[in-house]
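Visitor: fold the stuff below for me.
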Amino acid sequence: MLKAVSEKLNNAGVQFYLIGGSCIGALRHQGFIPWDDDVDVAVMRKDFQKAEKALSELQDNMMYDAVESHVIADAPIGHVYSLDYKSMDDAPRIDVFAIDNVPDSRLAEKFQKLCSMIYHVCVLRRPAENRGRLKRIFTYVICKFFPKFLLDFLQKMSYKGVTKWKDKPTKYVSNIYGVSGDKEKVPAEFYGTARYVPFEDTMMPIPEKAEEYNTQIYGNFMEYPPEEQRVPSHFKDF
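Guide: This is a model prediction of the structure:
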């Protein structure tokens, strides 16, 4: 699946990066983390629509589930699924994240964060979870009392607020919908020009300063976690 995704994105002229556990795997294991159960790739926001178009053409029993047309409701990220399984909930998948430029102004950054939360809720169409009581109440009100046409409008407007800086050079970038929250905000130079490293039987791109990127988010990423933590994070019976 990853090779097919790589081919589609390369043919479309879209640079992508392995991030998250997949980036750790590339550096620590020269491939997949043995107990990992998905793949994380990222594309710069300015290229994300082009990436979605390219991935929508995947074949060979694979399907790309675009951000705003999720078959399975989820955060505003794309997913590539294998169709060789009875249920998509159990199917192997590749998560496709957009990396957003973070405005240099603190006030503008707060505006972007607010827009990102509203966009998340509008795409998901249910209250935020594990984001604190205040955010849960705020998002519950939006989902419960706003009619569909207003949610559609908010989704469109908040997307513009999140992506407003996509074509403007900024000091920092962020995987806004990554699981590590504020740690995902890193200097833009960390991503930089992708470098290719061995990954299983091929070569895959990782951020230019992948070591610094991984250290900021995960700490000493080259150290193995305790044995009891070496388990899949998505599929319990994987």
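Visitor: and Ala73, backbone torsions?
Guide: phi -60, psi 130 (degrees, to the nearest 10).
Visitor: so it sits right up against Arg126, yeah?
Guide: Yes. Contact criterion Cβ atoms under 8 Å: Ala73 and Arg126 qualify, at 7.0 Å. Heads up, the C-betas are built off the backbone N, CA and C, glycines and all.
Visitor: shared neighbours, the two?
Guide: Counting by Cβ atoms under 8 Å, 6 or more residues apart in numbering, Ala73 and Arg126 have no shared contacts at all.
Visitor: can you pull the contacts of Tyr140?
Guide: Here Tyr140 is in contact with Pro127 (criterion: Cβ under 8 Å, 6+ apart).
Visitor: where's it, which helix or strand?
Guide: Using DSSP states H and E, Tyr140 maps to helix 133-145.
Visitor: now the element after that helix, going C-ward?
Guide: Counting by DSSP H and E, what follows helix 133-145 is helix 148-163.
Visitor: report the distance from that following helix to the chain centre.
Guide: Mean C-alpha position of helix 148-163 versus that of the full chain (Cα atoms, centre = their mean, to the nearest Å) differs by 19 Å.
Visitor: next one: stretch 140-159
Guide: 22 Å.
Visitor: same question for stretch 99-116, mean pLDDT?
Guide: Stretch 99-116 shows a mean pLDDT of 97.
Visitor: quick revisit: pLDDT of the helix holding Tyr140, averaged?
Guide: Mean pLDDT, computed over helix 133-145, is 83.
Visitor: kindly report the same for stretch 78-93.
Guide: Across stretch 78-93, the average pLDDT comes to 85.
Visitor: give the buried residues for that stretch.
Guide: 78-82, 91-93 (16 or more other Cβ atoms under 10 Å).
Visitor: what does stretch 188-199 contact?
Guide: Here stretch 188-199 has contacts from 15-18, 25-27, 30-31, 42, 44, 99, 101, 169-173, 203-210, 212-213, 216, using Cβ under 8 Å, 6+ apart.
Visitor: also stretch 35-47?
Guide: 1-2, 5, 9, 14-23, 25, 32, 51, 92-101, 163, 166-167, 173, 175, 191, 230-235, 238.
Visitor: show me these that map onto helices.
Guide: 2, 5, 9, 20-23, 25, 51, 163, 191 (DSSP state H).
Visitor: now, among those residues, which is nearest to Ser105?
Guide: Ser105 lies nearest to Thr163 out of those, by Cβ to Cβ, at 16.1 Å.
Visitor: so how many other residues sit close to the closest one?
Guide: Using other Cβ atoms under 10 Å, Thr163 has 20 neighbouring residues.
Visitor: contacting residues for it?
Guide: Thr163 neighbours (Cβ under 8 Å, 6+ apart): 45, 100.
Visitor: now swap in the one 4 residues further on and tell me
Guide: Under the criterion of Cβ under 8 Å, 6+ apart, the contact list for Asp167 reads Lys46.
Visitor: quick check, pLDDT for it.
Guide: 96.
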